[in-house]
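Peer 1: what follows is a predicted structure for the sequence shown.
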2 protein chains.
Amino acid sequence: MRGISKLAHELGLSTGTVSRALNDVPGVHQNTRRRVLEAAQRLGYEPNQAARNLALGQTRSIGFMIDLDPDTAANGDNFFMGVFDGVQSILTPLGLDLFVLPCPSKQHRFAYLDRLVARRLVDGMLLSGTEQHDPRIELLQEAGLPFAALGRSETEAPFAWVDLDFEAVAEAAVDRLVSQGHRRIAVTVPFGELNFGLVFKAAYRKALKKHKIAYDPEIVFQSGFGDEDGYFLVDAMLDRPDPATAIVLIFEAAAIGMYRRLEERNLRPGTDLAIVGFRDEAIVRHLRPRLTRFEVSLREVGIALANVLVDQINAKDQAGHTPAQSKVPMTLLPGESDGPPAKNDRRRSHSLPETSRSA
Amino acid sequence: MRGISKLAHELGLSTGTVSRALNDVPGVHQNTRRRVLEAAQRLGYEPNQAARNLALGQTRSIGFMIDLDPDTAANGDNFFMGVFDGVQSILTPLGLDLFVLPCPSKQHRFAYLDRLVARRLVDGMLLSGTEQHDPRIELLQEAGLPFAALGRSETEAPFAWVDLDFEAVAEAAVDRLVSQGHRRIAVTVPFGELNFGLVFKAAYRKALKKHKIAYDPEIVFQSGFGDEDGYFLVDAMLDRPDPATAIVLIFEAAAIGMYRRLEERNLRPGTDLAIVGFRDEAIVRHLRPRLTRFEVSLREVGIALANVLVDQINAKDQAGHTPAQSKVPMTLLPGESDGPPAKNDRRRSHSLPETSRSA
DNA sequence: CTGAAAGCGCTTACAG
DNA sequence: CTGAAAGCGCTTACAG
């Protein structure tokens, strides 16, 4: 005999009573409950999770799907740990466990999720790295599994999400650059289908419009998450007709590469090219001149995300429930990397050091 | 009706036969098997995980416990994603799922693990951030749950582990510095009980002995994982009698802070102070002068770790099985940050800029 | 080769 | 307030 029946046997009780005592079901004598709790404690009893899940039809656990794809993982690295902690701070008090489910780099995200969902492994799912059209969202909607996404998507039906306030970033950055005298402001967007690129671009266009600046797709640069992407960005930006005088990044690491390449070209960030960085991170904190960037609490992101999911779980089967959606604020940390445009443009040096990657 | 009984009903078969067909149990007619597989595919059937776990007494899944403790999380950030991918590459083909189990920053590691183990959530466990004495190891041994640790520990009974080859790092770094003419070589060790600090220090002492250099505990510096730790390290190193001429780091980010502080003091890494960095990472790749550092494949770490665990699982209940233990090689990437000691020591400037943190 | 039945360890109406 | 029993959805000896 093992598990709850062993415990019940030792106590001379039925498993039903023991179960009720353990689960705080009302209608158990106080003394009985005390005896049960004491014995459980003493014998180190914990209910078998599988049996409990089967009987209850739920798992009391939440999955958080992340990508191990090296392109985005480099980014995720400095992002998710903080988010997890925020998520846990909400879930743990509710008795919900968090399992992080890393999708192997070689596996298809949809197939990976599909299998997990069908196996009824978790009661709720957290998604990240949402794409413009993200079939995972429909999958979860059809499966009736409560979920919340870290990131928006163009998907038709409304769904629960939390996202960074990319609109605020675009507006604050453009406003600030314009007030410094910039009129030709470049931006970065991610490669591929990641939805935040769209969101950011739209907000950027809106901000330009506000200042009556024409939109020029030529100075919207695709970039990856690495600092080397910033390195190559400098040449791509400057070695073209009518180069921009400023750029707004939505990748943390890019600023590092940009600083390095600018230095190699004997140019100075903030003087010869204005740079507004993205998230405040240890890796950019010590750039000189100090990088203008945005602060966001990853813990708050996790908290918001967990709250939105819990709301979905509570509202399950509730007909007219509107999924919650919220943006986490990003506040500007002013630095000296985004000064006014240079009076005399010394950026087209003819004795440039070669970049390590040939064009 | 749902699940396997629904599937069986549609096919006019018993659940037993369907189960056997699905699980490749021999003794099912070929045509029957084909029909079952086809129907399962068509109806998107996946076995309920809880029911399967309960019937089998196993979960076919592996847990990987990580810490969300901010002190170490900053490190883990740039470490675990690569390791996960390596782990998955071994587990997935074996039909084992990986759940990452993040221990909330406020929760006690032992209690967190204890609960997971008692609930029989996984068939095997991967541990990280092992401490000198790590009670989690005994917990798992007593529970009889197969496990492998990323990192060694002083724990009595032998257990399965994979670790970075800190010995090779210490020896290669000291050899190289000595051959450049250094005799006074400092090292860093982590705060707290993390076991790799001990391992590294022992290897360092051994390497010194080889070169007949006396060990001086005064130049063994405790450090955290952040780049700011490197920043403060510079003053701690230099502003003392008889400062070391070289230092070996076992934290990636520290080099960044050191470079910055040295620059503020008008000193040059590699010329005024020799620095040997730790793991090659994007964040140190662009330091100039180029940082001498070590390369290790995180994927290989994950692969080794998963293999060691799988070996433990297979050997379960096997009496005389010796747990596998292995070190992942770290190979030197020579840079220019560790040149010979300066002829004239210009390190004690009397017009130092203040550090931002007062002493 | 297939089916009927027991069992995995819980929870929860239903009696008493 | 407590117990006996059914049921959650699988797997697997045991018959046939």
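Peer 2: Great, that's in hand. Residues are numbered from 1 along each chain as shown, chains lettered A, B, ... in the order given.

Peer 1: you'd agree A:Ala143 is up against A:Arg115?
Peer 2: No. In this structure, A:Ala143 is not within contact of A:Arg115 by CB atoms under 8 Å, at 11.6 Å. The way it works is simple: take the backbone N, C-alpha and C, and place the C-beta from them, glycine included.

Peer 1: for A:Arg2, grab the count of nearby residues.
Peer 2: Burial measure for A:Arg2: 8 neighbouring residues, criterion other CB atoms under 10 Å in any protein chain shown.

Peer 1: sorry, back to before: the more surrounded of A:Ala143 and A:Arg115?
Peer 2: A:Ala143 (16 against 13).

Peer 1: name the nearest residue to that one, ignoring sequence neighbours.
Peer 2: If the residues on either side of it in the chain are set aside, A:Ala143 comes closest to A:Val117, at 4.9 Å by CB to CB, 6 or more residues apart in numbering or on different chains.

Peer 1: report the contact partners of that neighbour.
Peer 2: Contacts were defined as CB atoms under 8 Å, 6 or more residues apart in numbering or on different chains; by that measure A:Val117 touches A:Met125, A:Leu139, A:Leu140, A:Ala143, A:Leu145.

Peer 1: go again using 10 Å as the cut-off
Peer 2: The contact partners of A:Val117, by CB atoms under 10 Å, 6 or more residues apart in numbering or on different chains, come to A:Gly63, A:Met125, A:Arg136, A:Leu139, A:Leu140, A:Glu142, A:Ala143, A:Gly144, A:Leu145, A:Phe147, B:Gly44, B:Glu46.

Peer 1: where's A:Ile137, which helix or strand?
Peer 2: helix A:135-143 (DSSP states H and E).

Peer 1: again with A:Arg120
Peer 2: Using DSSP H and E, A:Arg120 falls within no helix or strand.

Peer 1: got the confidence number for it?
Peer 2: At A:Arg120, the pLDDT value in this model is 86.

Peer 1: and A:Leu145, that's in a helix?
Peer 2: No. Using DSSP: H, G, I helix; E, B strand; the rest coil, the secondary structure at A:Leu145 is coil, not a helix.

Peer 1: I figured it hits A:Leu126, correct?
Peer 2: No. With contact taken as CB atoms under 10 Å, A:Leu145 and A:Leu126 are classed as non-touching, separated by 11.2 Å.

Peer 1: which residues of the stretch 1-150 of chain A lie near DNA strand C?
Peer 2: Residues of the stretch 1-150 of chain A lying close to DNA strand C (CB under 7 Å from any atom of the strand) are A:2-5, A:15-16, A:19-20, A:22-23, A:25, A:45, A:47-48, A:51-52, A:54-56.

Peer 1: now with 6 Å?
Peer 2: A:2-5, A:15-16, A:19-20, A:22-23, A:47-48, A:51-52, A:54-56 (CB under 6 Å from any atom of the strand).

Peer 1: got a ChimeraX select line for the buried ones in these?
Peer 2: For selection in ChimeraX, the members of those meeting the burial criterion (16 or more other CB atoms under 10 Å in any protein chain shown) are listed in this command:
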select /A:4,19,20,22,47,48,51,52,54
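
Peer 1: list the buried residues of the helix holding A:Ile137.
Peer 2: Buried residues in helix A:135-143, counted by 16+ other CB under 10 Å: A:Arg136, A:Ile137, A:Leu139, A:Leu140, A:Gln141, A:Ala143.

Peer 1: likewise stretch A:27-38?
Peer 2: Buried residues in stretch A:27-38, counting neighbours by 16+ other CB under 10 Å, are found at A:Val28, A:Arg33, A:Arg35, A:Val36.

Peer 1: name the nearest of these relative to chain B.
Peer 2: A:Val36 (16.4 Å; CB to the nearest CB).

Peer 1: how about the contacts made by that closest one?
Peer 2: Taking CB under 10 Å, 6+ apart as the criterion, A:Val36 is in contact with A:Leu7, A:Ala8, A:Leu11, A:Leu13, A:Thr17, A:Val18, A:Ser19, A:Arg20, A:Ala21, A:Leu22, A:Val28, A:Tyr45.

Peer 1: ok, the residue of the stretch 101-250 of chain A found nearest DNA strand D - how many residues close by?
Peer 2: Closest contact between the stretch 101-250 of chain A and DNA strand D, by CB to the nearest atom of the strand, is at A:Arg120 (8.2 Å). Other residues within reach of A:Arg120, judged by other CB under 10 Å, total 21.

Peer 1: just give me the closest of the contacts of A:Val117 to DNA strand C.
Peer 2: Closest to DNA strand C, out of all of these and judged by CB to the nearest atom of the strand, is B:Glu46, at 17.5 Å.

Peer 1: before we move on, which element is that closest one in?
Peer 2: No secondary structure element spans B:Glu46, as it lies outside all helices and strands (assigned by DSSP H and E).

Peer 1: do the same with A:Ala111
Peer 2: Secondary-structure assignment from DSSP H and E places A:Ala111 in helix A:109-118.

Peer 1: now that helix and helix A:135-143, what's the angle there?
Peer 2: Our comparison of helix A:109-118 with helix A:135-143, counting by axes from the mean of the first three to the mean of the last three CA atoms, to 10 degrees, yields an angle of 20 degrees.

Peer 1: return the residues in contact with A:Met258.
Peer 2: A:227, A:229-234, A:237, A:247, A:249, A:267, A:269, A:273, A:275, A:277, A:287, A:291, A:337.

Peer 1: SS state for it?
Peer 2: Following three-state DSSP, the label given to A:Met258 is helix.

Peer 1: what's the answer for A:Phe278, then?
Peer 2: strand.

Peer 1: OK, contacts around it?
Peer 2: Residues touching A:Phe278, when contacts are defined by CB under 10 Å, 6+ apart, comprise A:164, A:166, A:169, A:173, A:188, A:200, A:248-255, A:284, A:291, A:293-294, A:296, A:330.

Peer 1: mind running it again at 6 Å?
Peer 2: A:Leu249, A:Ile250, A:Phe251, A:Glu252 (CB atoms under 6 Å, 6 or more residues apart in numbering or on different chains).
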